[in-house]
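Visitor: coords please:
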Amino acid sequence: MQLTTPALIELARRLQHERKAQGLSREQAAAVCNVSVSFIRDAESNPGRCSLERLLQLTQGLGLTLALTGWGRDVDSDPHGDGISASKAHPA
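Guide: Below you'll find the predicted structure:
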């Protein structure tokens, strides 16, 4: 997912959908993910205003994975030259 305005709108929609699919209120999701209720509201309405670190905390708390791709062959972002830039498997 590229972090463009349309992608952020889609991220907001999916975060809200996942929270509701799990039967969680904003208050419950905030407690599970260790974030504030206002952060949940912001992430579901305008995630572009949220820090990436907190968005990762929220997505992981909901059992989701947020992946970054397309780093290229830059040495700093791909030190081993193997095309792997970021990855985290979430246990099922």
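
Visitor: what mean pLDDT does stretch 46-56 get?
Guide: Averaging pLDDT along stretch 46-56 yields 91.

Visitor: residue 55 reaches residue 43, doesn't it?
Guide: Yes - with contact defined as Cβ atoms under 8 Å, residue 55 counts as touching residue 43 (6.3 Å). Every C-beta, even on glycine, is put in place using the N, C-alpha and C of the backbone.

Visitor: just want to know which of the two has more residues nearby.
Guide: Between residue 55 and residue 43, counted using other Cβ atoms under 10 Å, the more crowded position is residue 43 (26 against 20).

Visitor: do you know how far the more buried one is from residue 70?
Guide: Note on residue 43: its distance to residue 70, by Cβ to Cβ, to the nearest Å, is 23 Å.

Visitor: repeat that for residue 38.
Guide: 32 Å.

Visitor: same question for residue 49.
Guide: 24 Å.

Visitor: same deal with residue 36?
Guide: 32 Å.

Visitor: again with residue 63
Guide: Look at residue 63 and residue 70: by Cβ to Cβ, they are 25 Å apart.

Visitor: so if I had to pick from those two, which one is more boxed in?
Guide: Neighbours were counted for residue 63 and for residue 70 using other Cβ under 10 Å; residue 63 has more, 12 against 7.

Visitor: name the helix or strand for the more buried one, please.
Guide: Remark: residue 63 resides in no helix or strand, with elements defined by DSSP states H and E.

Visitor: how close does it sit to residue 22?
Guide: 8 Å.

Visitor: now do residue 38
Guide: Counting by Cβ to Cβ, the separation of residue 38 from residue 22 is 20 Å.

Visitor: list the buried residues of stretch 33-44.
Guide: Under the neighbour-count criterion of 16 or more other Cβ atoms under 10 Å, stretch 33-44 has 33, 35, 39-40, 42-44 buried.
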